[in-house]
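Engineer: Sharing a model that was predicted from the sequence below.
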Amino acid sequence: MQQPMEDNFADVVSKAQRGLGLSDSELATRAGISREQLADIKAEVFDAGILRMVAPVLHLDAGVLAALPEYRPAPISVPGLEAFTTRYGGMRVNAYVVYDQTSGKAAAFDTGADATPILEFLRARSLSLFGVFLTHTHGDHVGDVENLTRSTGATAWVSDREPMHGARGFEDGRGFECGPLRIETLLTCGHTRGGTSYAVYGLDRPVVVVGDALFAGSMGGAMVSYADALRTNRENLLTLPAKTVICPGHGPLTTVAEERAHNPFFAMGNGPE
């Protein structure tokens with residue numbers, strides 16, 4: 001079953017507002033709306049006209065933001081890509097495995113709250129886990145790293161910018177090989193200091209595991225730098241081939257083409273095909 005969307009229009013407005021450092025009063029005044037109208041939007045009362053007025057102030061695409069309640073990326077299935085969703089508090093968090101059935105080599109990306117489903121999948125497919133690649137070190141994404149590495153003998157990897165006990169660091173731009181699969185590291189910081197996405201080549205279509213850098217129709221909260229989060233998403237993710245499958249840490253799979261067209265943060269800055 002396709003995952004529900006992680007964010008709605010109110011989440012997008014709030015994330016952009018926080019990122020730009022605008023108070024409610026400043027945002028309402030610049031948009032030409034009342035504080036009450038803004039409060040309604042943030043309380044998830046949909047009003048396309050008000051959203052269109054707010055969007056330019058927040059540097060969001062007005063039409064795309066107003067259409068966000070209707071947006072759902074098309075369901076995606078890629079042989080050699082498996083998604084695992086676990087509960088962490090009140091959240092659903094995604095982890096992924098990519099694998100080559102011929103060689104039996106596999107790589108995991110994050111663990112979610114519980115790596116048991118990943119371990120069961122590896123055993124059922126007789127796969128050997130090459131590595132556990134961490135998009136960032138927030139607890140919902142790395143909650144069972146020790147169990148997964150201990151049970152498989154695989155090495156956990158994380159960006160040098162965001163070291164974590166029990167994981168080996170790598171420098172920006174490092175590549176890995178997992179049987180016939182090639183894994184490229186892409187810096188997508190801003191949500192965290194060392195946020196990293198992993199582009200995987202060798203399946204039927206390219207795949208990029210992005211953690212909380214990018215969601216279908218939204219992006220992760222920029223806890224470190226909103227400017228860096230926007231920039232690295234634009235430069236390192238949305239310039240990938242349009243058919244690239246985006247595997248986010250929360251919410252459904254999407255594609256580069258879908259997010260160029262339907263993500264309010266990035267629709268105005270669509271990249272090349």
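Structural biologist: Right, received. Where do you want to start? All values derive from a computational prediction rather than experimental measurement.

Engineer: and this protein, what are its domains?
Structural biologist: The chain breaks down by automatic domain parsing into domains covering 9-70, 81-269.

Engineer: Please identify the most buried of these.
Structural biologist: The highest average neighbour count among these, using mean count of other C-beta atoms under 10 Å, belongs to domain 81-269 at a mean of 20. Glycine gets a C-beta too; all of them are placed from N, C-alpha and C.

Engineer: what separates the closest residue to residue 220 other than its chain neighbours from residue 79, distance-wise?
Structural biologist: Distances taken as C-beta to C-beta, 6 or more residues apart in numbering place residue 212 nearest to residue 220, at 3.3 Å, with adjacent residues excluded. To residue 79, residue 212 is 26 Å away according to C-beta to C-beta, to the nearest Å.

Engineer: Now do the strands in the stretch 51-200 of the chain.
Structural biologist: Using DSSP state E, counting those that start in this stretch, the strands of the stretch 51-200 of the chain run over residues 81-88, 91-100, 105-109, 128-133, 155-159, 168-170, 175-178, 181-187, 196-201.

Engineer: Rebuild the ones you listed as JSON lines, extending it with mean pLDDT.
Structural biologist: As requested, those are exported to JSON lines (pLDDT from 0 to 100):
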{"stretch": "strand 81-88", "mean pLDDT": "97"}
{"stretch": "strand 91-100", "mean pLDDT": "97"}
{"stretch": "strand 105-109", "mean pLDDT": "98"}
{"stretch": "strand 128-133", "mean pLDDT": "98"}
{"stretch": "strand 155-159", "mean pLDDT": "98"}
{"stretch": "strand 168-170", "mean pLDDT": "98"}
{"stretch": "strand 175-178", "mean pLDDT": "97"}
{"stretch": "strand 181-187", "mean pLDDT": "98"}
{"stretch": "strand 196-201", "mean pLDDT": "98"}
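
Engineer: To residue 226, which of those lies closest?
Structural biologist: Relative to residue 226, the nearest member of the strands of the stretch 51-200 of the chain by C-beta to C-beta is strand 181-187, separated by 15.7 Å.

Engineer: For the closest one, which outside residues touch it?
Structural biologist: For strand 181-187, contacts defined as C-beta atoms under 8 Å, 6 or more residues apart in numbering pick out 80, 98-100, 105, 107, 133, 159, 161, 170, 172-177, 194-203, 208, 232, 236-237.

Engineer: Please name the strands paired to that strand in the sheet, noting orientation.
Structural biologist: Take DSSP bridges as the rule and strand 181-187 pairs in its sheet with strand 175-178 (antiparallel), strand 196-201 (antiparallel).

Engineer: quick one, which of those strands is nearest to residue 129?
Structural biologist: Minimum separation from residue 129 across those (C-beta to C-beta) falls at strand 175-178, 9.3 Å.

Engineer: ok, and what's touching the closest one?
Structural biologist: By C-beta under 8 Å, 6+ apart, strand 175-178 touches 98, 100, 105-107, 130-131, 133, 157, 182-185.

Engineer: Give the next helix or strand downstream of the top helix by length along the chain.
Structural biologist: Longest helix in the chain, counting residues (DSSP state H): helix 9-20. Downstream of helix 9-20, the next assigned helix or strand under DSSP states H and E is helix 24-31.
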